[in-house]
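> From the sequence below, what's the structure:
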Amino acid sequence: MKLIKCYVSSFGKLQDFTYDFNAGLNTIKQDNGWGKTTLATFIKAMFYGLNDSKRSVSENERLKFKPWGESAKFGGYVQFVWGNDEFVLERYFVK
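Okay, here's the model as predicted:
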């Protein structure tokens, strides 16, 4: 599988954010607090869902990454290639 692009409507601190992946290895080098872990969690959540089985905000991804604004759409999409086919996986989470 090869990631092509992702769009985050709203997820944690990332809002209206697009990232285009390059061929080969992609490295995101940013300052602490930029949102690197949030982006990694977003990509994982697109494919596997959010871990919301815990009560603690620090362990419950749905609570930890939900948007603060009530009108913000919680989710986005990931565009990827699997074999010879291209897919777009779009997912929005219920608050």
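
> quick one, strands of this structure?
2-11, 14-20, 75-82, 85-92 (DSSP state E).

> Redo the ones you listed as CSV? Include mean neighbour count and distance to F65.
From N, CA and C alone the C-beta is placed, and that goes for glycine too. Formatted as CSV, the strands of the chain follow (neighbours: other C-beta atoms under 10 Å; distance: least, C-beta to C-beta, whole Å):
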stretch, mean neighbour count, distance to F65
strand 2-11, 18, 5
strand 14-20, 15, 9
strand 75-82, 18, 10
strand 85-92, 12, 13
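
> So which of the ones you listed is nearest F42?
strand 2-11 (4.7 Å; C-beta to C-beta).

> and the angle for the closest one with strand 75-82?
Per axes from the mean of the first three to the mean of the last three C-alpha atoms, to 10 degrees, the angle that strand 2-11 makes with strand 75-82 is 180 degrees.

> Does anything pack onto strand 2-11? Which helices or strands?
Using 3 or more C-beta pairs under 8 Å, 6 or more residues apart in numbering; DSSP states H and E, the elements in contact with strand 2-11 are strand 14-20, helix 36-48, strand 75-82.
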